[in-house]
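> Sharing a model prediction with you, sequence too.
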Amino acid sequence: MELGSILTTNARGRQPQYADDGLPVINSKHVRTNRVILGENRTAVEAGSPVIIEKGDVLVNGTGVGTIGRAAAYLHDQRALPDNHVTVLRSKEVDPIYLSGFLNSPLGQLQIERHIKGSSGQIELYPTDIAKIVFWDAPDGIQTKVRDAILSAFAEERRAHELLEAAKRAVEIAIEEGEPAAFEFLDRVEGEG
């Protein structure tokens, strides 16, 4: 089936009206493969935006060599605004993490490459072309397994980052207070994980 047949929203953002207050703006550097970075984003006013990003949407980079076609489910609670390089996909029929995984798979990426328009670094992937991607609406059990695997990988990555930071801090503690204090700190960190 074509992806467009299961989407309730397939819209690209517009150039944001940046402001000191407002919703965070998601641009192509924030949409990574299977992950959306939300942290030190600029903010913009909501008024006039054609679409607002909500938890469970799938975001797709629509421009740029090296970034075009990257997809990720938006799993943050805070609503956000897409800029004019990000397309928002919404469906009630498919798990968003599974959908982003499919779009990032070799099959999804081959189809995306087929629909890219332009040349010389000015390439575009339009919502109308995204709608033409042939999509496998896997049974719920398979979608759940894919979702669980992706979420597990990110949890492990987060834990590895926490342990790396703890190891750095343990070295500082060993220098300042001695090795026993560093080992005690590491034991506490390990117990928290």
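Now that the structure is in, tell me what you want to look at.

> Give the pairing partners of the lengthiest strand in the chain; include direction for each.
The residue-count maximum for a strand in the chain (DSSP state E) belongs to strand 18-26. The pairing partners recorded for strand 18-26 under DSSP bridges are strand 43-44 (antiparallel), strand 81-82 (parallel).

> Now it: buried residues?
22, 23, 24, 25, 26 (16 or more other Cβ atoms under 10 Å). No exception for glycine: its C-beta is placed from N, CA and C like everyone else's.

> The next helix or strand after it packs against which elements?
Sequence order places strand 31-32 as the next helix or strand after strand 18-26, per DSSP states H and E. Judged by 3 or more Cβ pairs under 8 Å, 6 or more residues apart in numbering; DSSP states H and E, strand 31-32 is in contact with strand 58-61, strand 71-73.

> still on that earlier bit, any idea which of the strands paired with strand 18-26 gets closest to residue 1?
For residue 1, the closest of these is strand 81-82, at 24.9 Å, according to Cβ to Cβ.

> By mean pLDDT, point me to the weakest helix or strand of this structure.
helix 179-192 (a mean of 87; mean pLDDT, DSSP states H and E).

> helices or strands up against that helix?
helix 140-177.

> Okay, angle between the helix it packs on and helix 179-192 too, please.
160 degrees (axes from the mean of the first three to the mean of the last three Cα atoms, to 10 degrees).

> Output the contacting helices and strands for helix 140-177.
Against helix 140-177 (3+ Cβ pairs under 8 Å, 6+ apart) you get helix 96-104, helix 179-192.

> what angle do the helix or strand just after the first one and helix 96-104 make?
Moving toward the C-terminus from helix 96-104, the next helix or strand (DSSP H and E) is helix 106-115. Regarding helix 106-115 and helix 96-104, their directions subtend 60 degrees when assessed with the same axes, to 10 degrees.

> Can you mark which positions in helix 106-115 are buried?
108, 109, 111, 112, 115.

> Same list, those residues, but as CSV with pLDDT please.
Listed next are the buried residues of helix 106-115 as CSV, based on pLDDT from 0 to 100:
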residue, pLDDT
108, 95
109, 95
111, 96
112, 95
115, 92
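
> Among those residues, find me the one that's closest to residue 61.
Taking these together and measuring to residue 61 by Cβ to Cβ, the closest member is residue 112, at 9.7 Å.
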